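Q: Predicted model and sequence below, questions to follow.
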Amino acid sequence: MKNIKKLFSVVLIVVMLASMFSLGMVAQAAATPSAQTIKAAPGETVTIKLSEGACFGLDGSIKYSNRSMFSSVTPGNSPYGPITATKFILSNFEKVEFVVTLTAKISADAQVGDTCTVTFSDYLRVDDKTGNDFKDGLNKSVTVQVIEKKVDPSSKPTTSSKPTTSSKPTSSKPTTTSKPASTGLDFTSLKKQISIANGLTESDYSADSWANMQTALAAAKAALKASTQAEINTAASNLKKAIANLVRLYDEDLSALIKEAKDFLAKDELKALSDRLVAAIEAAEKALKNGNDEAVALATKELKDALAAYKAKLEELGKGEIIGVDTPVEVNPTDDYCNIWLHKLWLILFIVSFVINLGLVGFGIYYFKRRKKNFTDNTPLIDYDINDD
């Protein structure tokens, strides 16, 4: 009987654990967001959103599996921080619901069935003001799928123009003349570069580099009607170079610093003087080998002048003044104890306090001894019998 009870208990525990595990898996599956799919036709605009519940901040990046499918991606505005097509940094002093919005336009060249998965990748969610409570490595994605453009039923009545049969011969002739212009021409590279350029966002790049790219893009679009392959290839190459030369805003400071350094090297007088000195040394060594007195005299003069100019420049650079730097001066104490009067005051207060406390302790001892003496019973003991009452 005892064994049956034990077996029943074990089975009951196993069933309870299995049910708890299954409930946990169901809860986890319910909490895991499924990837959202948006369907749209070429040329249409879709809105992609990341929405997070009340928290103190979001920080992450945005990735695209097929960026060229979009002709443009425009980030939405947020009062809590910057949002670009590739990253977002939002924060607030109080818990609010953060929303990251992207408006993407599907390229007219997109094919039916093409997809692009937009992933809000490895973003950080902060759940307290101190930043100690956070969730890292979060990912949410939205898939945009290209579908066939729906035909507007209201456009069907236009078929009533069929009776104009006389228009067929005239309309067919231009189409035959347009075929030789496109025969043998390859627009693949040009269209690819145009699609890449259309997928870029102006707010990510500097104004000058973006203007240059737009000029090349306009020329590339005009080249779609070109009649020679050379014009097409040149427009594609120019647009590719303009895209490669785009300067991202967060790289602009570094680019400006590189340019400043190159300009400084180009105007570096010390380098010019050092080059002159090296050339004078080489000329002097050659003059010594040749043994020509005139060449030796000229080399000697040039080497002296070059060396003197180089030394003078070094001395000039060494005389530069450093402004705004204070040299600390060490001051020795003028007293036996310290040069700060406040320290003396603290010492005096400590001594006074010590004397007062010592007096209070002595007074306390004296008081308790005297009180104990007053409570001492000095009455002599006498013989006492209760029967005497």
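A: Yep, it's here.
Q: Rounded mean pLDDT for stretch 222-235, please.
A: Average pLDDT, stretch 222-235: 91.
Q: distance of residue 66 from residue 124?
A: Between residue 66 and residue 124 the computed distance is 26 Å (CB to CB, to the nearest Å). Where C-beta positions appear, they are placed from N, C-alpha and C, glycine not excepted.
Q: what ranges do the helices span in this structure?
A: Listed in chain order, the helices of the chain (DSSP state H) span 2-31, 167-182, 188-198, 207-222, 229-244, 252-266, 269-290, 293-318, 341-374.
Q: Compare those helices and say which comes out lowest on pLDDT.
A: Ranked by mean pLDDT, the helices of the chain end with helix 167-182 at the bottom, a mean of 42.
Q: Could you chop the chain up by domain?
A: If you go by automatic domain parsing, the domain ranges for the chain are 36-146, 186-249, 269-318.
Q: what would the ones you listed look like in CSV with distance to residue 345 and mean neighbour count?
A: As requested, the domains of the chain are exported to CSV (distance: least, CB to CB, whole Å; neighbours: other CB atoms under 10 Å):
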stretch, distance to residue 345, mean neighbour count
domain 36-146, 41, 17
domain 186-249, 59, 16
domain 269-318, 50, 14
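Q: For residue 351, which of these is the nearest?
A: Proximity to residue 351 (CB to CB) singles out domain 36-146 among the domains of the chain, at 46.0 Å.
Q: First-to-last residue distance for that closest one?
A: Across its full length, domain 36-146 reaches 14 Å between end residues, using CA to CA, to the nearest Å.
Q: Of the domains of the chain, which is nearest residue 369?
A: It's domain 36-146; of the domains of the chain, that one is closest to residue 369 (CB to CB) at 58.7 Å.
Q: Check the average confidence over the closest one, would you?
A: Confidence for domain 36-146, expressed as mean pLDDT, is 85.
Q: ok, now which ones touch residue 191?
A: Taking CB atoms under 8 Å, 6 or more residues apart in numbering as the criterion, residue 191 is in contact with 109, 224.
Q: any idea how far it is from residue 261?
A: Residue 191 sits 39 Å away from residue 261, going by CB to CB.
Q: Any figure for the gap between residue 366 and residue 356?
A: 16 Å.
Q: Quick check: closest non-adjacent residue to residue 309.
A: residue 273 (5.5 Å; CB to CB, 6 or more residues apart in numbering).
Q: Residue 307 is in contact with that neighbour, correct?
A: No. With contacts counted by CB atoms under 8 Å, residue 273 stays clear of residue 307, the gap being 9.6 Å.
Q: May I have the beta-bridge partners of the nearest residue to residue 47 once chain neighbours are set aside?
A: Among residues not flanking residue 47 along the chain, residue 103 sits closest, at 5.6 Å (CB to CB, 6+ apart). In this entry, residue 103 is beta-bridged to residue 47, residue 74, by DSSP bridges.
Q: who touches residue 103 in this structure?
A: Contact analysis of residue 103 by CB under 8 Å, 6+ apart lists 45, 46, 47, 48, 73, 74, 75, 76.
Q: Nearest to residue 13 among the residues you listed?
A: Using CB to CB, residue 48 is the member of the contacts of residue 103 that sits closest to residue 13, with 48.1 Å.
Q: contacting residues for the closest one?
A: 38, 101, 102, 103, 104, 118, 142, 144.
Q: how close does it get to residue 287?
A: Taken as CB to CB, the span from residue 48 to residue 287 is 76 Å.
Q: Also residue 55?
A: Distance, residue 55 to residue 287, using CB to CB: 79 Å.
Q: got it, and residue 143?
A: With distances taken as CB to CB, residue 143 is found 78 Å from residue 287.
Q: Also residue 246?
A: The gap separating residue 246 from residue 287 is 54 Å, by CB to CB.
Q: now swap in residue 184 and tell me
A: For residue 184 relative to residue 287 (CB to CB), the value is 67 Å.
Q: Residue 115 too?
A: Distance of residue 115 to residue 287, given as CB to CB: 76 Å.
Q: Same question for residue 88.
A: Using CB to CB, we find residue 88 at a distance of 69 Å from residue 287.
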